[in-house]
Every structure is written in structure tokens, then in C-alpha cells.
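J.: Here is a sequence together with a model predicted from it:
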Amino acid sequence: MSTKIHVAVDALGNPLRLIATAGQVADVTQGEALVSGLEVEHVIADKG
């Protein structure tokens, strides 16, 4: 069993929001939840 930690950070790399999921959950499923309600100009993401 494993765990993934999905993180939204500010421009300085400070964490703004953390979401932990089971290891087999796809990263892309958490993208919207990570940025929802945050005022952003740019999003840099990676589909694992």
C-alpha cells in the first residue's frame, strides 16, 4: 500500500493546499481540487 501527496504551492514553493490519496489514484484526478478557490495566474502541472 502506498500514498500520494498532491500539493499546490505559491511562487516561492510554499505549500497552499495538500491532498493525500491512495497510491493507485491518478494524479490528474486531484488537479481541480488543488486549485479550486485559489486566485492563480499560471498553473504548472505534470501528468504522472
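T.: Received, thanks. Note that this is a predicted model, so its numbers are computed, not measured. Numbers count the residues shown, from 1 in each chain.
J.: how near is the residue nearest to residue 43 when sequence neighbours are not counted to residue 7?
T.: Excluding its sequence neighbours, the residue lying closest to residue 43 (Cβ to Cβ, 6 or more residues apart in numbering) is residue 35, at 6.3 Å. For the C-beta atoms, the positions are set from N, CA and C on the backbone; glycine is no exception. Look at residue 35 and residue 7: by Cβ to Cβ, to the nearest Å, they are 11 Å apart.
J.: Also residue 42?
T.: Distance from residue 42 to residue 7, by Cβ to Cβ: 16 Å.
J.: This protein: helices as residue ranges?
T.: 31-35 (DSSP state H).
J.: Extract the residue ranges of it that are flagged as low pLDDT.
T.: Along the chain, the model assigns pLDDT under 70 to residues 47-48.
J.: Correct me if wrong: residue 3 contacts residue 24.
T.: No. Counting by Cβ atoms under 8 Å, residue 24 is not a contact partner of residue 3; they are 10.2 Å apart.
J.: How about the contacts made by the closest residue to residue 4 other than its chain neighbours?
T.: Nearest residue to residue 4, sequence neighbours excluded (Cβ to Cβ, 6+ apart): residue 21, at 5.2 Å. Contact analysis of residue 21 by Cβ atoms under 8 Å, 6 or more residues apart in numbering lists 3-4, 6, 29-30.
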